[in-house]
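Asks: structure, please.
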Amino acid sequence: MFIDNRVILVFVLALIFTIISKIVCHFFEPTEEIEELHREIARISKLSNDALECGNKEMYYVLQKQGNELLHKLFVKIFFSAVYELTPHIVALGILQKNLPLEDFVNLPFPFSIFGDSISWQGWYILSAFFWYAIFKVAKVKFK
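Replies: Residues are numbered from 1 along each chain as shown. Predicted coordinates:
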């Protein structure tokens, strides 16, 4: 079975840009702030439940409002973390788009209902990046 050099190139580029993504996340991801927001949300949730059990509806509504504001902050931080993590891959896809043809070039050994019997380099890059993320997750590799 012959493997095209472009298949290996995309696979290796997925590895390189996954590593770059991990490094970018190390410098820009607000991990400590996210953990602090989780703790604060849990504390406010407990206090609001206590206020509800005591029958203090005003305090309950105030605490719910504070909790909702903290959830908003948390979701914004998580959104930007995802942006930081995906940006290197978007750059990689842009680079590859300039240099690789659009036709399918990875022939699958079996027919896959979603892809058919082959996939394009974009699909191969995405599958390769997922593969490398899974490897890093299993190995618990963190650039911290």
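
Asks: roughly how far does V10 sit from L47?
Replies: 51 Å (Cβ to Cβ, to the nearest Å). C-betas here are computed from N, CA, C, even on glycine.

Asks: between these two, which is the more surrounded one?
Replies: Neighbour count, other Cβ atoms under 10 Å: between V10 and L47, V10 has more, with 26 against 16.

Asks: does the more buried one sit in a helix or strand, and which one?
Replies: helix 5-28 (DSSP states H and E).

Asks: and after that helix, which helix or strand comes next?
Replies: On the C-terminal side of helix 5-28, the nearest following helix or strand under DSSP H and E is helix 31-54.

Asks: remind me what that next one packs against, helices and strands.
Replies: helix 57-99 (3 or more Cβ pairs under 8 Å, 6 or more residues apart in numbering; DSSP states H and E).

Asks: got the angle for the helix it packs on vs helix 31-54?
Replies: Comparing the axes of helix 57-99 and helix 31-54 via axes from the mean of the first three to the mean of the last three Cα atoms, to 10 degrees yields an angle of 150 degrees.

Asks: by contact count, what packs against helix 57-99?
Replies: Packing partners of helix 57-99 (3+ Cβ pairs under 8 Å, 6+ apart): helix 5-28, helix 31-54, helix 121-139.

Asks: for this protein, which spans come out with low pLDDT?
Replies: 1-3, 103-116, 118, 141-144 (pLDDT under 70).

Asks: right, and the helices and strands packed on helix 57-99 - which one's nearest L100?
Replies: Among these, helix 121-139 comes nearest to L100, with 4.8 Å by Cβ to Cβ.

Asks: sorry, back to before: in JSON lines: the helices and strands packed on helix 57-99, plus distance to T87.
Replies: What follows is these, written out as JSON lines (distance: least, Cβ to Cβ, whole Å):
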{"stretch": "helix 5-28", "distance to T87": "7"}
{"stretch": "helix 31-54", "distance to T87": "17"}
{"stretch": "helix 121-139", "distance to T87": "13"}
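
Asks: and of those helices, who's closest to K77?
Replies: Minimum separation from K77 across those (Cβ to Cβ) falls at helix 31-54, 5.3 Å.

Asks: secondary structure class for P101?
Replies: Three-state call for P101 (DSSP: H, G, I helix; E, B strand; the rest coil): coil.
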